[in-house]
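# here is my input; please provide its structure:
(one chain, ligands or ions: 2)
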Amino acid sequence: MKTIMVIGAGQMGGGIAQVAAQAGYSVILNDIKEEFVNRGFGIIDKNLSRSIEKGKLKAEEKDLILSRITKSITLQDAVSADLVIEAAIENMGIKAQIFSQLDVICPEHTILSTNTSSLPITEIAAFTKRPDRVIGMHFMNPVPVMKLVEVIRGLATSDEVYKTIEDLSLKMGKTPVEVNDAPGFVANRVLIPMINEAVYTLYEGIASVEAIDNVMKLGMNHPMGPLALGDLIGLDTVLSIMEVLHEGLGDKYRPCPLLRKYVKAGWLGRKSGRGFYKYDA
Ligand SMILES: CC(=O)CC(=O)SCCNC(=O)CCNC(=O)[C@H](O)C(C)(C)COP(=O)(O)OP(=O)(O)OC[C@H]1O[C@@H](n2cnc3c(N)ncnc32)[C@H](O)[C@@H]1OP(=O)(O)O
Ligand SMILES: NC(=O)C1=CN([C@@H]2O[C@H](COP(=O)(O)OP(=O)(O)OC[C@H]3O[C@@H](n4cnc5c(N)ncnc54)[C@H](OP(=O)(O)O)[C@@H]3O)[C@@H](O)[C@H]2O)C=CC1
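Ligands and ions are numbered 1, 2, ... in the order given. Prediction:
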């Protein structure tokens, strides 16, 4: 495998492109508009500069890593990809469109993977004529820091494709863990209801934002509180995942009305400058 195309240059796509380039792969970073690709590229540049300041990376290595990343605003560029990692927004309609187009554009050998945080891999695979070459590759946020990749087979995913993705995850410095194709997989089936429950405690006036986060940080040794973590993930993404859990697993996964309200207000967390906390632009 030589060339990896990453679709979606948001916080996840940017992070995935960075670790793939650091692992020595040629990377095509794609988004729908040039300004989004440039924004993703800029964050990678900043992350690498920070690593240089900390003495963890040599200055010349940064240029080499960046030179491996090509910017793209057309899906047609997937024609030269051996692997695609899709990290566009958490929306089945958009993913369906992307996968059906990729299936036409990509050569036969290309593996199509998705970083979806909750949507069924089998359903995404069914939008292609190569379901055996479709797989879930679920990175955690922030990608350069977090070790886990959940690897999720669809019903038809081949053993060869699974093994390739497992090996690639290791080459990217990650630890792959195999999980089954079910709503939210493992990570988000366990994590996101906790965040939703924290929003309910706020909604019901049980404690303030800071108090809720302090309880979980100081009481459970979590590196950040659940509301701050919701802001980091993106409240639109948290809501989308809760909706998938609710639909697939029943009423106990009902999204908190306050979460819906924040998303409707455009308070999406760090990426929009406001969520449960306020952030500098
Ligand atoms: C929704 C899904 O589908 C699945 C998910 O991803 S769920 C979310 C999973 N992620 C988590 O749970 C994250 C929980 N939080 C944490 O682990 C930590 O708070 C954190 C790593 C985000 C920040 O750690 P911290 O100690 O508070 O801050 P800080 O000292 O600034 O950063 C620690 C390191 O991470 C790096 N870092 C922090 N944020 C970063 C980012 N966005 N990109 C790259 N590197 C980052 C820092 O540079 C620093 O690196 P060094 O160790 O090399 O110095
Ligand atoms: N946030 C998280 O903690 C995690 C998220 N994920 C998953 O990763 C994926 C991306 O999430 P995240 O990076 O947080 O989201 P972001 O909103 O940060 O980024 C998504 C990017 O995809 C772009 N995009 C939208 N539609 C298309 C399209 N048709 N083609 C190409 N690019 C498109 C968006 O552009 P625009 O800005 O115009 O919408 C945006 O730049 C989602 O599936 C999410 O569930 C997985 C693990 C963790």
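# when you work out contacts or count neighbours from here on, use the C-alpha atoms and nothing else.
Will do.
# is it correct that H138 is in contact with R153?
No. Between H138 and R153 there is no contact under CA atoms under 8 Å: 11.2 Å.
# these two: who's more crowded?
R153 (27 against 24; other CA atoms under 10 Å).
# I'd like the next helix or strand past the helix ranked longest in the chain.
Taking DSSP state H as the criterion, the chain has its longest helix at helix 34-53. Where DSSP states H and E defines the elements, the next helix or strand beyond helix 34-53 is helix 59-67.
# near ligand 2, which residues of the protein?
7-13, 31-32, 36, 87-90, 94, 115-117, 138-141, 233-234, 237 (CA under 6 Å from any ligand atom).
# phi and psi next, for whichever residue of the stretch 101-250 of the chain sits closest to ligand 1.
Nearest residue of the stretch 101-250 of the chain to ligand 1, counting by CA to the nearest ligand atom: M140, 3.3 Å away. The phi/psi pair for M140 (degrees, to the nearest 10) reads phi -110, psi 160.
# around ligand 1, pick out the residues from the protein.
With CA under 6 Å from any ligand atom as the criterion, the chain meets ligand 1 at residues N47, S117, M140, N141, P142, P144, V145, P223, M224, I233.
# please list all residues in contact with the last one.
Counting by CA atoms under 8 Å, 6 or more residues apart in numbering, I233 makes contact with N141, G269.
# hmm, try it at 10 Å
Counting by CA atoms under 10 Å, 6 or more residues apart in numbering, I233 makes contact with Q11, M12, M140, N141, P142, L227, L268, G269, R270, K271.
# same thing with the second one?
Remark: with contacts taken as CA under 10 Å, 6+ apart, S117 is in contact with 87, 89-90, 136-140, 150, 183-189, 237-238, 240-241, 244.
# next helix or strand past whichever strand or helix holds A21?
Per DSSP H and E: A21 is located in helix 11-22. Per DSSP H and E, helix 11-22 leads on to strand 26-30 as the next helix or strand towards the C-terminus.
# show me what that following strand is packed up against.
Other helices and strands packing on strand 26-30, by 3 or more CA pairs under 10 Å, 6 or more residues apart in numbering; DSSP states H and E, are strand 3-7, helix 11-22, helix 34-53, helix 59-67, strand 69-72, strand 83-86.
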